[in-house]
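> I'd like to go over a predicted model; first the sequence, then the structure.
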Amino acid sequence: MRLAANRWMTACFAVLTALAVPASAADVTVFAAASLKNALEDVARSFEDATGAEVRLSFAGSSALARQIQAGAPADVFISAHPGWMDALEADGLTAAGSRFDLLTNRLVLIAHGAAADSVEITQDFDLEAVLGSGRLAMALADAVPAGIYAKAALQWLGQWDGLAAKSAQAGNVRIALALVARGDAPYGIVYASDATAEERVSVAGVFPQESHPAIVYPAAALNNHDATAVFLSFLKSGIARAAFEAQGFAVLPEVQ
């Protein structure tokens, strides 16, 4: 793995040299789903070390970022936590032709405040309403933010969305939902497995079955045809990036080479 990573670093330097891209011109602005924060910061540091370029990262809910791009925000790369928002940009002609690929997947988990929550098995017989009691359930916006869309689908699969919707504390992105549970403002929340990895003040109480919600897929695409943008997208497929994503609880899709 280390040898492969070193070879990729060497190749990256060679590509930039061949393109004759000066450091100032090779800077890249990336709009990415909030759940990617820790992993993508690690990836960006490695890219900067390899290339001398600066990576500017902007994190928010995928829906908010997509709307900013539609309004003309100057981003080079978009990584969404839901294919639907990438579909919207592609339909608007805002992605570079042929640049889109599915990068990552994730799992949906029930988290609890504290480092040692009791574990539960989430089946269709699981009574989350009873476990929650009078507390609030933290989650991202159910009708806009990918983590919230997946959470709503999972609660519908449980047959408990109608009862839990009024008890939900919905946030503008999944990291805000995570923070609500970490601070103890909500006893439980629904986030991605990667979010739980990034926060020591919560624990995973249970994992939602994959059949309880649509597959969680993170597509990535270029928003222009700049050389530096293409180099960064290639870096996302490298062994270095794979290690950073996997360390934060993501799974890199098998077709990513």
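Looks like it came in fine.
> Residue 224 and residue 74, how far apart?
Separation of residue 224 from residue 74 (Cβ to Cβ, to the nearest Å): 9 Å. Backbone N, C-alpha and C define where each C-beta goes, glycine included.
> And the two? Which one has more around it.
With neighbours defined as other Cβ atoms under 10 Å, residue 224 and residue 74 compare such that residue 224 has more, 15 against 11.
> For that one, which three-state class applies?
Using DSSP: H, G, I helix; E, B strand; the rest coil, the three-state assignment for residue 224 comes out as coil.
> same question, residue 98
Local secondary structure at residue 98 is given as coil here, using three-state DSSP.
> what stretches of this structure score poorly on pLDDT?
Residues of the chain that meet the criterion pLDDT under 70 lie in 1-25, 257.
> quick one, strands of it?
Along the chain, the segments classed as strands by DSSP state E run 28-33, 55-60, 77-79, 101-105, 108-113, 137-140, 168-171, 188-192, 202-207, 217-222, 251-252.
> Throw those strands into TSV and include mean neighbour count, thanks.
Compiled in TSV, the strands of the chain are given as follows (neighbours: other Cβ atoms under 10 Å):
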stretch	mean neighbour count
strand 28-33	25
strand 55-60	17
strand 77-79	26
strand 101-105	20
strand 108-113	24
strand 137-140	29
strand 168-171	21
strand 188-192	30
strand 202-207	20
strand 217-222	22
strand 251-252	18
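> With distance to residue 229 added, can I get those in a markdown table?
Converted to a markdown table, those look like this (distance: least, Cβ to Cβ, whole Å):
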| stretch | distance to residue 229 |
| --- | --- |
| strand 28-33 | 6 |
| strand 55-60 | 11 |
| strand 77-79 | 6 |
| strand 101-105 | 14 |
| strand 108-113 | 31 |
| strand 137-140 | 28 |
| strand 168-171 | 30 |
| strand 188-192 | 26 |
| strand 202-207 | 35 |
| strand 217-222 | 5 |
| strand 251-252 | 20 |
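> show me what contacts residue 70?
Taking Cβ atoms under 8 Å, 6 or more residues apart in numbering, we find residue 70 in contact with 88-89, 92, 94.
> Can you tell me the number of residues neighbouring the closest residue to residue 165 other than its chain neighbours?
With Cβ to Cβ, 6 or more residues apart in numbering as the criterion, residue 165 has its nearest non-adjacent residue at 7.4 Å, and that residue is residue 142. Counted with other Cβ under 10 Å, the neighbours of residue 142 add up to 20.
> Would you confirm that residue 142 contacts residue 169?
No - the pair residue 142 and residue 169 does not pass the contact test of Cβ atoms under 8 Å, sitting 11.3 Å apart.
> Contacts only, for the nearest residue to residue 159 once chain neighbours are set aside.
Beyond its immediate neighbours in the sequence, the residue positioned closest to residue 159 (Cβ to Cβ, 6+ apart) is residue 124, lying 7.1 Å away. Applying Cβ under 8 Å, 6+ apart to residue 124 gives the contacts 157-159.
> Try it again at 10 Å.
By Cβ atoms under 10 Å, 6 or more residues apart in numbering, the contact list for residue 124 reads 157-160, 209, 211-212.
> List buried residues within the residues you listed.
With neighbours counted by 16 or more other Cβ atoms under 10 Å, the contacts of residue 124 contain buried members at 157-158, 160, 212.
> Columns distance to residue 110 on top of these, output as TSV?
Supplementary listing: these in TSV, determined by distance: Cβ to Cβ, whole Å:
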residue	distance to residue 110
157	13
158	11
160	12
212	11
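> from those residues, which two are the most distant?
Greatest spacing in the buried ones among the contacts of residue 124, by Cβ to Cβ: 160 and 212 (11.4 Å).
> quick one: common contacting residues for the two?
By Cβ under 10 Å, 6+ apart, residue 160 and residue 212 have these common neighbours: 124, 154.
> How about residue 151, nearest residue that isn't a chain neighbour?
What sits nearest to residue 151 in space, not counting adjacent residues and going by Cβ to Cβ, 6+ apart, is residue 190, at 4.0 Å.
> right, and the one you found touches residue 146 too?
No - under the criterion of Cβ atoms under 10 Å, residue 190 makes no contact with residue 146, lying 12.0 Å away.
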